[in-house]
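Trainee: Take this sequence and fold it.
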Amino acid sequence: MFLTAFLLFAVYIFFFAAITLFFDVGLQSMIAIFGIFSIAQWYFSDTLALRAMRARIVGPVEYPDLHRAVSYLSVQAGLPKTPKIAVMPTSIPNAFATGRSQQNAAVCVSNGLLNLLTQDELEGVIAHELAHIKNRDVTIMTMASFLSTIAFFIVRWGWIFQRNSRNSSKSPIYVAVIVSLLVWLISFFLIKSLSRYREFAADKGAATITRKPLELASALRKISSGVSNIPPSQLKSQSEMNAFFIIPFKLDLIGKLFSTHPPVEERISRLEKFHHSPY
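Mentor: Numbering: from 1, shown residues only. Below is the predicted model of the structure:
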């Protein structure tokens with residue numbers, strides 16, 4: 001994970017050095033605008049994600065067992081504050097965590113997940129999401145993807161700045177577009193790799209929190225099987241939230257290649273090893 005992050009940092013340093021050779025204040029202003037939008041997205045990440053999934057915050061009276069589990073596991077995880085708890089109205093068995101910090105976070109589960117798992121399995125999934133919060137994964141992935149977004153913008157819209165570059169001593173715009181394309185492609189795969197490592201880290205964190213790695217492994221099996229039985233049309237409506245979910249929807253070869261999550265079988269294998277090794 002550290003190696004991937006270092007490589008991503010190196011690519012972005014190269015991008016910063018190269019981009020200053022090609023663009024004037026016009027594009028720099030556009031980058032600043034993208035920066036403001038990224039900060040806003042990060043700051044309101046919990047609200048945006050919950051609204052995107054039509055999830056609602058629920059109280060302890062309505063979901064007492066869920067609240068008890070999240071509160072207890074938050075203490076076990078060492079979080080300074082119990083996250084907000086939300087439920088999304090879908091039969092798809094899944095869960096995600098979001099929020100810009102440990103003090104401002106939310107854990108969301110679906111009705112399908114609550115109906116599918118036992119209490120111990122549900123606690124394993126909740127602990128996985130709490131590990132994401134503890135590890136500040138939303139912030140890490142937002143930072144990692146920011147310059148990749150800028151590079152993609154240049155690849156797609158760089159021609160707009162062609163007119164300015166003709167009257168400038170700067171290098172031609174197509175050189176910048178080629179550099180940006182290379183940066184975007186490399187960072188795309190590095191970010192996917194970093195995301196997969198974060199999932200492994202969250203699984204390990206859940207095993208440490210609950211001391212029951214086999215329960216999370218059982219939950220992953222059930223969720224994977226449950227997702228595979230959902231009609232494709234229903235999955236498509238929520239595909240944009242794949243990166244948030246504990247198990248993504250795309251299970252074909254291409255989906256696995258570009259997935260933000262490692263294969264379920266490998267995650268289960270690692271959890272089973274945790275069960276037989278000291279923490």
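Trainee: C-alpha only now, for contacts and for neighbours.
Mentor: Noted.
Trainee: Span of stretch 109-124 from start to end?
Mentor: 12 Å (CA to CA, to the nearest Å).
Trainee: tell me which residues in it are buried?
Mentor: Residues 109-114, 116-117, 120-124 are the ones in stretch 109-124 that count as buried (16 or more other CA atoms under 10 Å).
Trainee: Okay, and which of the residues you listed map to strands?
Mentor: Among these, the ones falling in strands (DSSP state E) are 109-110.
Trainee: Using JSON lines, lay out the buried residues of stretch 109-124 together with distance to residue 98 and pLDDT.
Mentor: As requested, the buried residues of stretch 109-124 are arranged in JSON lines below (distance: CA to CA, whole Å; pLDDT from 0 to 100):
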{"residue": "109", "distance to residue 98": "12", "pLDDT": "96"}
{"residue": "110", "distance to residue 98": "14", "pLDDT": "93"}
{"residue": "111", "distance to residue 98": "18", "pLDDT": "93"}
{"residue": "112", "distance to residue 98": "19", "pLDDT": "92"}
{"residue": "113", "distance to residue 98": "17", "pLDDT": "94"}
{"residue": "114", "distance to residue 98": "19", "pLDDT": "95"}
{"residue": "116", "distance to residue 98": "22", "pLDDT": "94"}
{"residue": "117", "distance to residue 98": "21", "pLDDT": "96"}
{"residue": "120", "distance to residue 98": "22", "pLDDT": "96"}
{"residue": "121", "distance to residue 98": "20", "pLDDT": "97"}
{"residue": "122", "distance to residue 98": "18", "pLDDT": "97"}
{"residue": "123", "distance to residue 98": "17", "pLDDT": "97"}
{"residue": "124", "distance to residue 98": "17", "pLDDT": "97"}
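Trainee: Which ones among the buried residues of stretch 109-124 lie within helices?
Mentor: When these are checked against helices (DSSP state H), the matches are 111-114, 116, 120-124.
Trainee: Can you convert those into CSV and add a column each for distance to residue 62?
Mentor: Converted to CSV, those look like this (distance: CA to CA, whole Å):
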residue, distance to residue 62
111, 13
112, 16
113, 16
114, 13
116, 18
120, 20
121, 20
122, 17
123, 18
124, 21
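Trainee: Check which helix or strand the spatially closest residue to residue 152 that is not a sequence neighbour maps to.
Mentor: Distances taken as CA to CA, 6 or more residues apart in numbering put residue 184 closest to residue 152, at 5.9 Å, once the chain neighbours are dropped. Residue 184 is part of helix 173-210, with elements assigned from DSSP states H and E.
Trainee: now the angle from the next helix or strand along the chain from that helix to helix 173-210?
Mentor: From helix 173-210 onward toward the C-terminus, using DSSP H and E, the following helix or strand is helix 213-228. Here helix 213-228 points in a direction 130 degrees away from that of helix 173-210 (axes from the mean of the first three to the mean of the last three CA atoms, to 10 degrees).
Trainee: still on that earlier bit, what residues of the helix holding residue 184 count as buried?
Mentor: 173-174, 176-177, 179-184, 186-210.
Trainee: and that helix, what's its mean pLDDT?
Mentor: The average pLDDT for helix 173-210 rounds to 84.
Trainee: Report all helices and strands that it contacts.
Mentor: helix 2-19, helix 64-77, helix 119-134, helix 137-157, helix 213-228, helix 264-275 (3 or more CA pairs under 8 Å, 6 or more residues apart in numbering; DSSP states H and E).
Trainee: Quick check: mean pLDDT of the first one?
Mentor: For helix 2-19, the mean per-residue pLDDT is 66.
Trainee: cool, and the second one?
Mentor: When the per-residue pLDDT values of helix 64-77 are averaged, the result is 96.
Trainee: ok, residues contacting it?
Mentor: Applying CA atoms under 8 Å, 6 or more residues apart in numbering, the external contacts of helix 64-77 come out as 59-60, 81-83, 85, 123, 126-127, 130-131, 134, 209-210.
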